[in-house]
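J.: Sequence and predicted structure, then a few things I'm wondering about:
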Amino acid sequence: MLRWVGTPPPMQLRVMQTQWGSCSPAGRLTLNPNLVKAPRECIDYVLIHELCHLGEHNHGPRFHRLLETLMPQWRSVKARLDGLVEQLMPA
Ligand SMILES: [Zn+2]
């Protein structure tokens with residue numbers, strides 16, 4: 001178990017037009033099922049990103065420190081995923 005996550009968060013799947021995932025203020029994760037078509041490391045990035053939001057509900061310095069600890073190469077993975085958006089997210 002990740003040390004900042006006490007219990008597994010509630011999760012749901014929902015097709016979203018512009019997002020791969022989100023985390024509600026109450027800690028519910030939403031994932032875009034189109035993500036399953038993405039390369040494994042990109043799926044990991046989205047999951048890790050959203051799990052980090054359970055600890056930090058913003059994109060501040062503490063969020064990025066946590067993210068970088070878990071996936072030091074996240075920038076290149078995110079860039080790869082960004083490059084696949086049109087292919088993986090049907091309009
Ligand atoms: Zn985020």
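T.: Right, received. Where do you want to start?
J.: Could you use CA atoms for every contact and neighbour count after this?
T.: Will do.
J.: What number of residues are in the vicinity of residue 85?
T.: Neighbour count for residue 85, taken as other CA atoms under 10 Å: 16.
J.: Distance check, it against residue 4.
T.: Applying CA to CA, to the nearest Å, the value for residue 85 to residue 4 is 30 Å.
J.: Skipping its backbone neighbours, what lies nearest residue 16 in space?
T.: Excluding its sequence neighbours, the residue lying closest to residue 16 (CA to CA, 6 or more residues apart in numbering) is residue 32, at 6.0 Å.
J.: unless I'm mixing things up, that neighbour is touching residue 21, no?
T.: Yes - using CA atoms under 8 Å, residue 32 makes contact with residue 21 at a distance of 5.8 Å.
J.: Go ahead and confirm residue 77 touches residue 42.
T.: Yes - at 5.9 Å, residue 77 and residue 42 qualify as touching, with contact defined as CA under 8 Å.
J.: Between the two, which is the more surrounded one?
T.: residue 42 (22 against 19).
J.: What pLDDT is listed against that one?
T.: pLDDT recorded at residue 42 is 98.
J.: check contacts around it.
T.: For residue 42, the contacting residues are 77, 78, 80, 81, by CA atoms under 8 Å, 6 or more residues apart in numbering.
J.: Closest one of those residues to residue 89?
T.: Taking CA to CA as the measure, residue 89 lies nearest residue 81 of the contacts of residue 42, at 10.9 Å.
J.: Shouldn't the closest one be within a helix?
T.: Yes - residue state for residue 81 (DSSP: H, G, I helix; E, B strand; the rest coil) corresponds to a helix.
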